[in-house]
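Enquirer: Build me a model from this:
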Amino acid sequence: MDEFGIKVSQQGDVSVLRVKGYLDAHTAPELEKRMQELISQDRVRLVMELAELEYISSAGLGVFMAYVDEVRGRGGDIKFSSLTPRVYTVFDLLGFPILYEFFPETGEAVKRFPHADSADRGRA
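Expert: Below is the predicted model:
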């Protein structure tokens, strides 16, 4: 089993969280802490890149449910990218594709956030 890890990078105003390993009751608090840090900095455009996620439990899924209302309430969203078929099946069985957008590639997910406000800033 790979060690759990989260790497955060910025693509413009979008935060990409690359999650790897097993996301379960033992590791979910680490993801929760990272998400709280980003939200407290008003970084609410989040892409979860899960290409290296091997397993997700209900505790891991619960982290996304716990923050989606706050993130959306602040004008952001949580999008998912690069899931393995096995991990996607867990999300799919629990109805996540109805609530969230899923993308084959991270770049695609990043581009789906509206960027009109950043283009207009220099025109005042």
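Enquirer: How about the helix ranked longest in the chain, which residues are buried there?
Expert: For the chain, the longest helix by residue count, based on DSSP state H, is helix 58-73. Under the neighbour-count criterion of 16 or more other C-beta atoms under 10 Å, helix 58-73 has 59, 60, 61, 63, 64, 67, 68, 71 buried. Glycine gets a C-beta too; all of them are placed from N, C-alpha and C.
Enquirer: need those in JSON lines with pLDDT, can you?
Expert: Below are the buried residues of helix 58-73 laid out as JSON lines (pLDDT from 0 to 100):
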{"residue": "59", "pLDDT": "96"}
{"residue": "60", "pLDDT": "96"}
{"residue": "61", "pLDDT": "97"}
{"residue": "63", "pLDDT": "97"}
{"residue": "64", "pLDDT": "97"}
{"residue": "67", "pLDDT": "96"}
{"residue": "68", "pLDDT": "96"}
{"residue": "71", "pLDDT": "97"}
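Enquirer: just these now: which is nearest residue 103?
Expert: Comparing the buried residues of helix 58-73 against residue 103 with C-beta to C-beta places residue 64 closest, at 15.2 Å.
Enquirer: How about the contacts made by the closest residue to that closest one other than its chain neighbours?
Expert: Closest residue to residue 64 apart from its sequence neighbours, by C-beta to C-beta, 6 or more residues apart in numbering: residue 78 at 6.0 Å. Contact analysis of residue 78 by C-beta atoms under 8 Å, 6 or more residues apart in numbering lists 46, 47, 48, 64, 67, 68, 71, 100.
Enquirer: Good, we can wrap up now.
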